[in-house]
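# kindly return the folded structure for what I paste below:
(one chain, ligands or ions: 1)
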Amino acid sequence: KLRVGVMISGRGSNMASILAATEAPDCPFEVVLVASNNPDAAGLAFADSKGIAIWAHDHRGMKRAEFDRLIDAALRGANVEMVALAGYMRLLSSEFVDGWKGRILNIHPSLLPKYKGLDTHARAIEAGDSEAGCSVHVVTPELDDGPVVAQARVPILPGDTPETLAERVLKEEHRLYPAALAKCAADVIRSRKSA
Ligand code: GAR
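Modelled structure (predicted):
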């Protein structure tokens, strides 16, 4: 199985859906570390309760590249082979991204390339869009850029608020991310076998 490290900053519901997927015997990946820039992230306690190794360090007061070297060392120390950002709310240094070239996935709550950055649901409603969704993409040094590997769509309904829309999209995130990660992990394993 491919060794995955998950990076979170908060609630960690996407991380929990990734952990749930590893319970299937044929899941091509395992989660070997959950790492956070926020020692108080609720998701850390959840991962810990599931027996997953956790790592946390407060990024405040540190330079981005300096902090990223710490988290990189934690991931490498756990022999992580692929990184999944799951509500990791910090921009990554280009050094970090280059060091994991093509091996970092992120989930973003919009139909990329629309609405990079924050407040995606409010912006989609404001724009009068008829649908919204979420995207899993390969991380490049630019924010919410990089090739999209999977997307899921939901309708925007009359009367939707950013909160009601976020809830509808989040349900899809929880389905989409484990499936996209499994596909990418299986691809990596297959490419190794044929190498
Ligand atoms: C998710 O909706 C995720 O798509 C979003 O933050 C939420 C984290 O929730 N990520 C971003 O906005 C990244 N730019 P979670 O901690 O419960 O998974």
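# when you work out contacts or count neighbours from here on, use the C-alpha atoms and nothing else.
Will do.
# count of neighbours near the closest residue to S94 other than its chain neighbours?
Distances taken as C-alpha to C-alpha, 6 or more residues apart in numbering put P141 closest to S94, at 5.1 Å, once the chain neighbours are dropped. Residues near P141, counting by other C-alpha atoms under 10 Å, number 16.
# so for P141, what's the pLDDT?
Note on P141: pLDDT of 93.
# then R192?
pLDDT, R192: 89.
# for it, pull up the helix or strand it's in.
helix 162-193 (DSSP states H and E).
# any buried residues in that helix, and which?
162, 165-166, 168-170, 172-174, 176-186, 188 (16 or more other C-alpha atoms under 10 Å).
# one more: stretch 126-144?
So, applying 16+ other C-alpha under 10 Å, buried residues of stretch 126-144: 132-141, 144.
# let me see the ranges of the strands in the chain.
For the chain, strands defined by DSSP state E occupy the ranges 2-8, 29-36, 54-56, 82-85, 104-108, 131-138, 148-155.
# elements contacting the third one?
The one in question is strand 54-56. Here strand 54-56 touches strand 29-36, helix 42-49, going by 3 or more C-alpha pairs under 8 Å, 6 or more residues apart in numbering; DSSP states H and E.
# and the protein, which residues reach the ligand?
Within the chain, the positions adjacent to the ligand are 10-15, 86-87, 89, 107-109, 117, 170 by C-alpha under 6 Å from any ligand atom.
# filter those residues down to just the ones in helices.
Secondary structure from DSSP state H places 13-15, 170 of these in helices.
# adding pLDDT and distance to L75, write these out as CSV.
Supplementary listing: those in CSV, determined by pLDDT from 0 to 100; distance: C-alpha to C-alpha, whole Å:
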residue, pLDDT, distance to L75
S13, 98, 20
N14, 98, 19
M15, 98, 16
L170, 98, 26
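# of these, which is the most crowded?
Highest count within these by other C-alpha under 10 Å belongs to M15, 27 neighbours.
# how many other residues sit next to the closest residue in space to it that isn't next to it in sequence?
Leaving aside its chain neighbours, M15 sits nearest to A86 (5.9 Å; criterion: C-alpha to C-alpha, 6+ apart). Neighbour count of A86, defined by other C-alpha under 10 Å: 25.
# then the one 4 residues further on?
In terms of burial, R90 registers 13 neighbours under the definition other C-alpha under 10 Å.
# before we move on, what about I18?
Neighbour count of I18, defined by other C-alpha under 10 Å: 26.
# again with the one 10 residues further on
For P28, the count of nearby residues is 20 (other C-alpha under 10 Å).
# make sure it is actually in contact with A186.
Yes: using C-alpha atoms under 8 Å, P28 is in contact with A186, at 5.8 Å.
# test my guess that Q151 contacts A132.
No: the pair Q151 and A132 fails to qualify as a contact (C-alpha under 8 Å) at a distance of 10.2 Å.
# between these two, what contacts are shared?
Here Q151 and A132 have L111 as joint contacts, going by C-alpha atoms under 8 Å, 6 or more residues apart in numbering.
# nearest residue to T22 in space, please, no chain neighbours.
E30 (5.9 Å).
# fine by me, we can end here.
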